[in-house]
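Q: Okay, predicted coordinates and the sequence, questions at the end:
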Amino acid sequence: MRAVADSNVVISGLLWRGPSRAVLDAAREARLELFASPELLAEVAEVLERPKFHSRLQQAGVDACEVVAGFTSLAAPEYRAPRGGSSPRGSLARATLSGS
């Protein structure tokens, strides 16, 4: 299965346990092929710089850049079908689970 996770799934999955973490775990275990765009990575980095995440990142002993770098090891660059083409077999699913 292939999926493109949105920034909420990525952030929740990286910082807390729950359904979003299960999506990232599936990618880590190669049960899911996860894709990320440069725009997604930039959004995740920008959101993690917000004050409400400082204490959580500090507890984990990481900064926003380290979290984004860790996520990039799980996700392939986003697949974009050629003009006029279709997505590859097993079309991209959008993972939108929320975490806690």
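A: In hand now; what should we look at? This one's a predicted model, so the numbers in the text were calculated from it and none came from an experiment.
Q: all strands for the protein, in order.
A: Here the chain has its strands, by DSSP state E, at 2-5, 33-36, 75-77, 93-95.
Q: With mean pLDDT added, can I get these in a markdown table?
A: Shown next, in a markdown table, are the strands of the chain (pLDDT from 0 to 100):
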| stretch | mean pLDDT |
| --- | --- |
| strand 2-5 | 85 |
| strand 33-36 | 90 |
| strand 75-77 | 81 |
| strand 93-95 | 32 |
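Q: May I see the ones you listed arranged in JSON lines, with mean neighbour count as well?
A: Where you see a C-beta, it was placed from the backbone N, CA and C, and this is true even at glycine. JSON lines is the format used below for those (neighbours: other C-beta atoms under 10 Å):
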{"stretch": "strand 2-5", "mean neighbour count": "20"}
{"stretch": "strand 33-36", "mean neighbour count": "19"}
{"stretch": "strand 75-77", "mean neighbour count": "14"}
{"stretch": "strand 93-95", "mean neighbour count": "15"}
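Q: Dump these to a markdown table, plus distance to E46.
A: Formatted as a markdown table, the strands of the chain follow (distance: least, C-beta to C-beta, whole Å):
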| stretch | distance to E46 |
| --- | --- |
| strand 2-5 | 16 |
| strand 33-36 | 14 |
| strand 75-77 | 17 |
| strand 93-95 | 20 |
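Q: Nearest to S55, out of those?
A: Of all the strands of the chain, the one in closest proximity to S55, counting by C-beta to C-beta, is strand 2-5 (23.8 Å).
Q: all helices for this protein, in order.
A: Using DSSP state H, the helices of the chain run over residues 7-15, 19-28, 38-48, 51-60, 64-72.
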